[in-house]
Structures are given as C-alpha cells and as structure tokens.
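>>> how would this look folded up:
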Amino acid sequence: MSTSLPQILSLLVSVVAGGLIIALRLRGTSKPTNLRKIIAPPLGMSTGFLMFIAPIVRVPWLWGLGAVAVGAVFFSYPLILTSHFETVDGEIYLKRSKIFIVIIIALLVVRILLHDVVEEHVTIPQTGALFFLLAFGMLLPWRIAMARRFMALKRKTDAGVQG
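Have a look, this model is predicted:
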C-alpha cells in the first residue's frame, strides 16, 4: 500500500489539530470559564452543516446518523467522564484531567485508523462529511454535559455567596 501526498497531508493536519486541541484545553484550565465559552464550539461548528448544500459531500441519512451516534456514544463518553469544574476564589475553572490528553491522543489515533478504512469505501468529500458528523456527535453531548455541570456549580456557588 503506497502513501500519497494527500494522505500524508491529511495525517499531518490531523496530528496538528490534535496538538492544538490539547494545547487549547490545557490553556483553558488556567482561566475562569463561563457558559459562553462552553457552548460556543458546537454553535460555531454547526455552520459546517452548510457543506451538505454541495451534492458531492452528501452521504446516505443512515450513514450520517451512524456517524453522529458513534461520536455521541463512543467518543463523547470519555470526555464527559473526564470534564469537571472546580471553584477557586469564587470563579469556576475547568479542572485539569490527567487522562484527558491520553483520551484525545487515543481518539486521534482511532480517527486516523478509521479514516483510511472509510476512505476505501466513500469519496474524499464524503469521508470529510462523515468525520465532521462524527466530531459534531462527539462535541455536542460533551458540551451539553459540561454546560449542565457548569450551571449546577454556578447556582451552588451563587447560593453560597448570597447565603
């Protein structure tokens, strides 16, 4: 099996993106967070659904739903389990998790391995669409869980300050 330049570039972009996610997550734990910071990523990412206007990107509904379901069930779950908040001096911070980096690297490896398998059966634009759906399926439940935890801690913190 020979490796082409597009495959090498795709791998490189994936590794760089994974590194950026880790760096952003670690940087994010050093500043207080808020609800806007938690819900902004899925809102921003949702604009990616515009890609489906182009017929070349479209995949069967069942495949799309499957990609979202895999992201939601298998990929978001470890992130939900390892995303916690803590209060420091009345401010809410995302708590650093030692396992988070391991999970992100494992997800990146799985994504890279699955990419080649998927690309054997669908076109490159469809592969991109399926991985977008998988990523959105991972991100949305994770961020919803984070938002719920944040709001619960915020209510508790606010009640403690007022009481």
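
>>> what about Val73, distance to Met138?
Look at Val73 and Met138: by CB to CB, to the nearest Å, they are 9 Å apart. Just so you know, the C-beta spots here come from the backbone N, C-alpha and C atoms, and that holds for glycine as well.

>>> Compare the two (neighbour count), which wins?
Using other CB atoms under 10 Å, the more surrounded residue of Val73 and Met138 is Met138, with 25 against 12.

>>> For whatever helix or strand that one lives in, which helices and strands make contact with it?
Using DSSP states H and E, Met138 sits within helix 124-162. Here helix 124-162 touches helix 35-45, helix 61-70, helix 76-82, strand 84-88, strand 91-95, helix 98-119, going by 3 or more CB pairs under 8 Å, 6 or more residues apart in numbering; DSSP states H and E.

>>> and the angle from that helix to helix 35-45?
170 degrees (axes from the mean of the first three to the mean of the last three CA atoms, to 10 degrees).

>>> tell me the angle of helix 124-162 relative to helix 98-119?
160 degrees.

>>> Quick check: mean pLDDT of helix 124-162?
Mean per-residue pLDDT for helix 124-162: 90.

>>> same thing with stretch 44-62?
95.

>>> buried stuff in that stretch?
Val57, Val59 (16 or more other CB atoms under 10 Å).
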